[in-house]
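Undergrad: Predicted model and sequence below, questions to follow.
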Amino acid sequence: MEIASEYKDKMLETSRLGFIRKVYFILSSQLLLTVMMSCISIGSETFLKFQIENQWIVFLSLAISIVSMLLLVCIPSMARQVPNNYFILLAFTLGESYLVSFISGVSSHRLVLMAALMTLGITCSLTLYAMTTKTDFTTMGGTLWVISAALLMFTLFGLFTDNNIYHILL
């Protein structure tokens, strides 16, 4: 009986690590696409001009992002059906990537691109860690919650300051 329990625990740990690796890989891919779209918008004046002249695409992207998010959150069966969930997630990613690309093209190029690249770098390093580790780091939820709350407060405070060093640190 004890051997079966140990085997079951090992299988649960293995499947949880596999799930974590899959999630981080998908997230890294989404962020990479977002950074690439932002680079195109910043680097190509033709594409930026297209985005500015066709702002209806921004609103379409926003609608696609909201609808796909609602589909995944409000209809759990749809979120669990392969490959439908991947197509919905792709639609969400394309919508968000276009929105970030537009924002980075019409606002402060360096700050948006820097934030996107730093987020991608952190996520890729976590993905690398998740792909190579045998330990379960999901038990650090409390620590992650506190750090996330502190970052949120730091970000909200940053809305009221125009300090470039502060924004770079953020």
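TA: Yep, it's here.

Undergrad: low-scoring pLDDT stretches of the protein, where are they?
TA: 1-11, 13, 133-146, 170 (pLDDT under 70).

Undergrad: swap the cut-off to 80 and go again
TA: Applying pLDDT under 80 to the chain flags residues 1-21, 24, 108-170.

Undergrad: where exactly do the helices run in it?
TA: Taking DSSP state H as the criterion, the chain carries its helices at 2-43, 45-53, 56-74, 76-79, 84-106, 109-132, 141-158, 164-169.

Undergrad: Point out the most buried one among these.
TA: Comparing the helices of the chain by mean neighbour count (mean count of other C-beta atoms under 10 Å), helix 84-106 comes out on top with a mean of 19. Where you see a C-beta, it was placed from the backbone N, CA and C, and this is true even at glycine.

Undergrad: how far does that one sit from the chain's center?
TA: Helix 84-106 has its C-alpha centroid displaced from the chain centroid by 10 Å (C-alpha atoms, centre = their mean, to the nearest Å).

Undergrad: just checking, what packs against it?
TA: Under the contact criterion of 3 or more C-beta pairs under 8 Å, 6 or more residues apart in numbering; DSSP states H and E, helix 84-106 touches helix 2-43, helix 45-53, helix 56-74, helix 76-79, helix 109-132.
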